[in-house]
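**Q** Sharing a sequence plus its predicted fold:
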Amino acid sequence: MCGIVGYIGYREAYPIVLQGLQRLEYRGYDSAGIALYDGSNLKVSKTKGKVEDLKNRLESEISTKGSIGIGHTRWATHGVPNDINSHPHVSNSGNLVIIHNGIIENYDPLRQELLNRGYTFSSDTDTEVLVNLIEDVKTKENVKLGKAVQIALNQTIGAYAIAVFDKTKPNEIVVARLGSPLAIGVGENEFFIASDATPFIEYTNNAIYLEDGEMAVVRNHKKLKIRKIKDDSLVDPYVQELQLNLEQIEKGGYDHFMIKEIYEQPDAITDTFRGRMKTKEGIIRMAGIDDNLDKFLNARRIIIVACGTSWHAGLVAEYIFEEFARIPVEVEYASEFRYRNPVIYEDDVVIAISQSGETADTMAAIKLAKAQGAFVFGVCNVVGSSISRETHAGAYTHAGPEIGVASTKAFTTQITVLTLIALKLAKHKGKLSASEFRTYLQELERIPGKVKKALESNEQAAIVAKEYKDATNALYLGRGYNFPVALEGALKLKEISYIHAEGYPAAEMKHGPIALIDEQMPVFVIATKKGHYEKVVSNVEEIKARSGKIIGIVTEGDVEVRKLADHVIEIPETLEPLTPLLSTIPLQLLSYHIAVMLEKNVDQPRNLAKSVTVE
Ligand code: M6R
């Protein structure tokens, strides 16, 4: 986590770095800082709190002049969030200044060594150790900054994206990455550095994404040279043209990114299947699958690795793949998979799902699977992200930037991609007839319209939210395809409103959670037609008998649940395997309204970050 930004060129660095930090705040927001060099002085300002707090403080504290600058927005790993632990960190001589996203795992012995050599530290951070290690190498070996960074990084264990400059040579910034993302925006006689491309999108469309283990010395007026940190070999820079525009990363009239992104789902889902689904011809085209069809068709099993909401999308995919393609599927938390010595066969296909494409645990799971010979396929949203580059092949979700920390459109577009894959494989395996296949494609085409319809429940969701906003616990129940939706509904509520919530398969309720039910407990039951409807209605009866408050998510025209529930929210009818694309919508809206009513920070909930690049 953490967001890093830098600028070197002919413009004033401050507004670029500050705005960049605002755009990267989704990556961490417990403290922020900026370092600028104005031609004679290095000025550093940093504070606990948000970028807005930094702005207020900085503008009264230091002059904002200078055309070289770096900034950081932090998600604390080493040391509590306070002013001192905030980045940038300055070396003991006062010459070097650094920002860092990641963790230096062996910082303690390095720190000890530096203490023995007379260095002092004011913070608890691994980053202050790193900048002094670089300084120590630079002085001892009498080398330039780039070389010193390289030597120092070769002594570290851990993960980093760093930017460092020397106030005595303020015409260059040295950057490096291992395990944390780093993009370089390439302009005319200017460079931008950032954790992703959003900070520089209005200045340049050309970006270089450093690969793991690469570094660069970025000098204004000079061509960029990229080297491998390990062996110093030169790498040809690959400049990508960005497909991102400013509008996509702004709120566009909505109060929060989350609600904007909830409402973007009809278009996002359309973008996901655009160009892939040929309903008339009865085909699905996906290059990543077409080019590797034999791997999928001959797969012994599919293992899905992911975290959080992406893991929930993986659970939906398990049902879909097994139902359509009849391939056995296992869904694993990436964080468990990577450490439990799993049995992986060469004819396994591993699907890694990640919105950001940067999640450290998912990345590690991919590396493990690759090392054991499996074919690894990525389902990512962020184009050019680390996971999309680490996997053998993949499919983008094309949801557009998701900025709200609570994942919404990423979830529905992940399910859309995975459904397309499952249908395609089912067709090739002869598990679906041509007409069944076409029926699914036709219904998928109707889904964006049905999501729009489901969004019409917004006002009603606000009414229900008002009634239950003061609950301290909530239960979410669903069966079959709606079980992962129940988990996702509970996650949405807890992460943005801090209300304790649990998701369960409805039938599991009687094995424990039923003990929790009393008149204080709101129970959100997803009871759509088909999908074990009668069984879920029986579960609703059981809740009713124990005085629980029932909020039913039901299919239009429902009668049974309506008779029992305190509230019902209707969604349009669809084919059962596509239900999660609709049933999740009212749950997203409910969580959103509850969090707003509780005056929580919807887009940046406490303790969280959008992209979890530490394990
Ligand atoms: O970027 P990823 O999809 O890999 O992120 C995985 C989780 O960190 C993420 O889904 C998280 O659970 C969200 N905050 C949920 O809304």
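**A** That came in fine, so what should we check first? Residues are numbered from 1 along each chain as shown.

**Q** can you list contacts of stretch 242-252?
**A** Residues outside stretch 242-252 that contact it (C-beta atoms under 8 Å, 6 or more residues apart in numbering): 23, 197-198, 201-202, 205-207, 257, 260, 383, 400-401, 403. In this view, the C-beta of every residue, glycine as well, is placed from N, C-alpha and C.

**Q** Looking at those residues, which are in helices?
**A** Using DSSP state H, the members of the contacts of stretch 242-252 that fall within helices are 23, 257, 260.

**Q** ok, so of those, who is nearest the ligand?
**A** residue 257 (12.2 Å; C-beta to the nearest ligand atom).

**Q** Highest neighbour count among the contacts of stretch 242-252?
**A** Compared across the contacts of stretch 242-252, residue 197 has the highest neighbour count, 27 neighbours, by other C-beta atoms under 10 Å.

**Q** Next to the ligand, which bits of this structure? Give me the list.
**A** By the criterion of C-beta under 6 Å from any ligand atom, the positions of the chain lying close to the ligand are 307-310, 354-356, 359, 362, 405-407, 491, 495, 608, 611-612.

**Q** Buried ones among those?
**A** Members of those that pass the buried threshold by neighbour count (16 or more other C-beta atoms under 10 Å) are listed as 307-310, 354-356, 359, 362, 405-407, 491, 495, 608, 611-612.

**Q** So which of those sit within helices?
**A** Residues from those lying in helices, with DSSP H as the criterion: 308, 309, 310, 362, 491, 495.

**Q** For residue 514, state which of the ones in helices among the contacts of stretch 242-252 is nearest.
**A** Minimum separation from residue 514 among the ones in helices among the contacts of stretch 242-252 (C-beta to C-beta) is found for residue 257, which lies at 37.0 Å.

**Q** can I assume the closest one is in contact with residue 406?
**A** No - here residue 257 lies out of contact with residue 406, judged by C-beta atoms under 8 Å, at a distance of 9.2 Å.

**Q** what touches both of those two?
**A** Shared contacts of residue 257 and residue 406, counting by C-beta under 8 Å, 6+ apart, come down to residue 603.

**Q** Now the residue in the stretch 151-300 of the chain that the ligand sits nearest to: closest residue in space that isn't a chain neighbour?
**A** In the stretch 151-300 of the chain, the residue found nearest to the ligand is residue 258; the distance is 9.4 Å by C-beta to the nearest ligand atom. Nearest residue to residue 258, sequence neighbours excluded (C-beta to C-beta, 6 or more residues apart in numbering): residue 404, at 3.5 Å.

**Q** Tell me how many other residues crowd the one you found.
**A** With neighbours defined by other C-beta under 10 Å, the count for residue 404 comes to 23.

**Q** I'd guessed it sits against residue 255; true?
**A** No - with contact taken as C-beta under 8 Å, residue 404 and residue 255 are classed as non-touching, separated by 11.2 Å.

**Q** mind listing the strands in the stretch 351-500 of the chain by residue range?
**A** Remark: strands assigned in the stretch 351-500 of the chain by DSSP state E, counting those that start in this stretch are 375-380, 393-396, 473-478, 500-505.

**Q** Let me fix that, I meant to ask about the stretch 101-250 of the chain.
**A** For the stretch 101-250 of the chain, the strands defined by DSSP E, counting those that start in this stretch cover 158-166, 172-178, 183-186, 191-194, 206-209, 214-219, 225-228, 234-235, 240-241.

**Q** Quick check: the residue of this structure nearest the ligand.
**A** When you check the chain against the ligand by C-beta to the nearest ligand atom, the closest residue turns out to be residue 308, at 1.9 Å.

**Q** That residue touches residue 488, doesn't it?
**A** No - with contacts counted by C-beta under 8 Å, residue 308 stays clear of residue 488, the gap being 9.3 Å.

**Q** Is residue 553 part of a helix or strand, or is it coil?
**A** Secondary structure of residue 553, reduced to three states by DSSP: H, G, I helix; E, B strand; the rest coil: strand.

**Q** can you tell me which residues contact it?
**A** Residues in contact with residue 553, defined by C-beta under 8 Å, 6+ apart, are 524, 525, 526, 527, 528, 568, 569, 571, 583, 586, 587.

**Q** Let's see that with 6 Å instead.
**A** With contacts taken as C-beta atoms under 6 Å, 6 or more residues apart in numbering, residue 553 has the following neighbours: 526, 569, 583, 586.

**Q** Return the entry from the residues you listed with the maximum number of neighbours.
**A** Comparing the contacts of residue 553 by number of neighbours (other C-beta under 10 Å), residue 526 comes first, having 30 neighbours.

**Q** Just confirm it is within a strand.
**A** Yes - the assignment for residue 526 by three-state DSSP puts it in a strand.

**Q** Beta-bridge partners for it, please?
**A** residue 553 (DSSP bridges).

**Q** How about the contacts made by it?
**A** Taking C-beta under 6 Å, 6+ apart, one finds 478, 482, 485, 553, 583 in contact with residue 526.

**Q** Report pLDDT for it.
**A** According to the prediction, residue 526 has pLDDT 96.

**Q** again with residue 1
**A** Value for residue 1, per-residue pLDDT: 69.

**Q** can I see the domain layout of this protein?
**A** Structural domains assigned to the chain are 3-248, 456-601, following automatic domain parsing.
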